[in-house]
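[1] Sequence first, then the predicted structure, then my questions.
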Amino acid sequence: MIYVDADACPVKAEVERVGTRHKLRMFVVSNGGIRPSPNPLVETVIVPDGPDVADMWIADRVTKGDVVITGDIPLADRCIANGALVLKHNGEALTEKNIGNVLATRDLMTDMRAADPFRQGGGKPFSKADRARFLDALERVVRAAARHV
């Protein structure tokens with residue numbers, strides 16, 4: 001199965017394309033504002049508003065061999081602990097080997113932003129190259145997940 005943390009996810013269509021090709025059930029989880037897919041393999045899950053409700057829904061259900069798409073680092077950590085394979089929207093794999101460093105960097109950046117209220121975040125726009133990199137990474141992860149089951 002594939003779980004998508006769908007709020008602000010720029011690659012929902014790509015996940016659906018790869019998931020459909022592999023005949024995988026997909027859960028697209030958000031607190032609203034997304035259009036349900038007519039694809040019978042895609043289940044749109046709308047959770048109540050609230051901090052981390054979508055994250056909790058996903059983390060409570062993923063198991064070994066599932067694939068999770070998220071940019072949320074604490075959610076990724078919980079999913080990895082449950083045996084899931086995790087990809088960020090840019091195609092970066094989050095694993096047992098790198099999640100500790102990623103969490104530490106996230107915490108450091110949160111502290112730096114809190115210390116400097118004028119520090120402006122904002123990343124670069126999501127490009128076609130980012131989309132292609134994600135598709136390639138998702139294909140690899142889906143195949144790896146099939147071997148873990």
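    Great, that's in hand.
[2] Give me the helices and strands touching the longest helix that the chain contains, please.
    Using DSSP state H, we find that the single longest helix of the chain is helix 128-148. Contacts of helix 128-148 with other secondary structure elements, assessed using 3 or more CB pairs under 8 Å, 6 or more residues apart in numbering; DSSP states H and E, are made with helix 12-21, strand 67-69, strand 85-87. All C-beta spots, glycine's among them, are computed from the backbone N, C-alpha and C.
[3] give me that answer again for 10 Å
    strand 2-5, helix 12-21, strand 67-69, strand 85-87, strand 93-94 (3 or more CB pairs under 10 Å, 6 or more residues apart in numbering; DSSP states H and E).
[4] Listing partners with orientation, what would you give for the shortest one?
    Which is strand 93-94. Its sheet considered, strand 93-94 pairs with strand 85-87 (antiparallel) by DSSP bridges.
[5] Name the residues that touch the strand it pairs with?
    Strand 85-87 has contacts (CB atoms under 10 Å, 6 or more residues apart in numbering) with 2-3, 5, 11, 15, 62, 64-73, 75-80, 92-95, 99, 134, 137-138, 140-142, 144-145, 148.
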